[in-house]
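*Asks:* Just to be clear, the model below is a prediction. Sequence and coordinates:
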Amino acid sequence: MKVLIVDDNVAVQDVIRDIVEAEGCLTRVASTLDEAVEKTAGFLPDIIFLDMSIDDADGLSLIPRIKEANPSMAVNVVLLTTSSDHVPTDMPEIKGNISKPFKTSAVVDALYNVTSAPTSAKTEAPKKKKKRFSLFGRNKDKIPAPVASPSQSGVSFGTSYVVFETWPEKIYEFVGLFNTDDYSVMVVTSDKLKAVKERFDYGKIDVRTMSASPKNGMFDIRGLGTVVTSVRDFINNSHNPVVVFDNFDEIVKVNGMNNALKMFHLLMSSTEGVARTVAMSVNEGELSEKDRRILLHEMKQFVPKV
C-alpha cells in the first residue's frame, strides 16, 4: 500500500511514516499543497493522510487539485484534525479522521478501514454466512494440562499453523499442546469467554473476546489495527508467545478477506524479531482455492495425531 503524508509539521510526518512503514507501506511526504500535488502525480497513493491546515492554507483544497491532476486515481483521504476542526460529511473522498494527538492504533486502523468505494451500486451483496457452532452450553471434555512438548505432536514453536474445521474444536487441542509454564498463550475468541476458559483443565491462558460491541478487556472485531497493536504488545512482552484465533471466519465476515489476511500476515512476519507461533481455525468450506493457497503459503496445516 502506498501512503502520502501531507503535513507542514516534520515531527508529525516522521511519526506517521514510522507507523505505516512498520506495516509494510511505501511512503512519501509533502510539506506544502503544491508539493503534495507533485508527489501524488508520480506516486498515486492509496491513502493520503492530510492535515486540515497547511501553512495557513485550507488542507481540503488539496482534494479537488489532486482529482484534477489525476482523474483516474481513487482519492482516499484521512484527515489529521484538532478538537476545533470541522470534518465535512459531503466529501466522499474523506474516509475518516484522526484527532491529534493520535495513537499508533488509530493510524493502523486507518490502513485497514480505508478501502475504495464499490464500482457499482448493483454490486451483489455477499452471501450470508452460517454462524459457526458455539461452544457455550456444550458438554465438551476438558483439555488436560500438556505433559509432553509440542514437538511430540509435530508442532514447532516459531511456526504458524492453520486448522481446517467446521467449527472450533481441533484448535483447542492445538492450544493444549503448549505448557503454560514454558509458553505464554493467548486465545482470541468470538465465543463466550467463559466457554473457552472452561475447555482447559488448567489456568494461565489469556483469553480475549472479539466483539462488535466491545466492553472492557474485549477486542473490537471491527478495529483490526487495534488488535494488531495489542497482540504485538503481548508478543513483544511475553516469553515464548503463542497466539491462537479460534474463528477466522467471523473476522472475515466483518472486515473482508484481504484485511483479515493482512492482519495475520503482520502478526506472523512483523519486524520485531521475536519468535512466536500464530494459529487460526478456519472453515475450509468458506474459502476460495486462492485464499486457501495463501494461508498454506504462510502457515502449516495442523492435523491432530489420532
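*Replies:* Structure's in. What do you need?
*Asks:* and the nearest residue in space to Pro168 that is not next to it in sequence, how many neighbours does it have?
*Replies:* In space, not counting the residues next to it along the chain, Pro168 is nearest to Asp246; the distance is 4.2 Å by CB to CB, 6 or more residues apart in numbering. Quick note: C-beta positions are derived from backbone N, CA and C, even for glycine. If you count neighbours by other CB atoms under 10 Å, Asp246 ends up with 27.
*Asks:* how about Asp246, what does it touch?
*Replies:* 168, 171-172, 187-191, 196, 280-281 (CB atoms under 8 Å, 6 or more residues apart in numbering).
*Asks:* please redo it, this time with the cut-off set to 10 Å
*Replies:* Counting by CB atoms under 10 Å, 6 or more residues apart in numbering, Asp246 makes contact with 132, 135, 163, 167-169, 171-172, 174-175, 187-191, 196, 199, 207, 210, 279-281.
*Asks:* Same question for Ser156.
*Replies:* With contacts taken as CB under 10 Å, 6+ apart, Ser156 has the following neighbours: 149-150, 277, 300.
*Asks:* Specify the local secondary structure of it.
*Replies:* Under DSSP: H, G, I helix; E, B strand; the rest coil, Ser156 falls in the coil class.
*Asks:* hang on, the earlier thing: can you say which of the contacts of Asp246 are buried?
*Replies:* 132, 135, 163, 167-169, 171-172, 174-175, 187-191, 196, 199, 207, 210, 279-281 (16 or more other CB atoms under 10 Å).
*Asks:* Of the contacts of Ser156, grab the buried ones for ChimeraX.
*Replies:* In ChimeraX, a selection of the buried entries from the contacts of Ser156 looks like this (16+ other CB under 10 Å):
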select :150,277
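*Asks:* Looking at the contacts of Ser156, which are in strands?
*Replies:* 277, 300 (DSSP state E).
*Asks:* ok, how many other residues are close to Ser184?
*Replies:* As a burial measure, the neighbour count of Ser184 was computed by other CB under 10 Å and equals 19.
*Asks:* contacting residues around Asp181?
*Replies:* 145-146, 202, 204.
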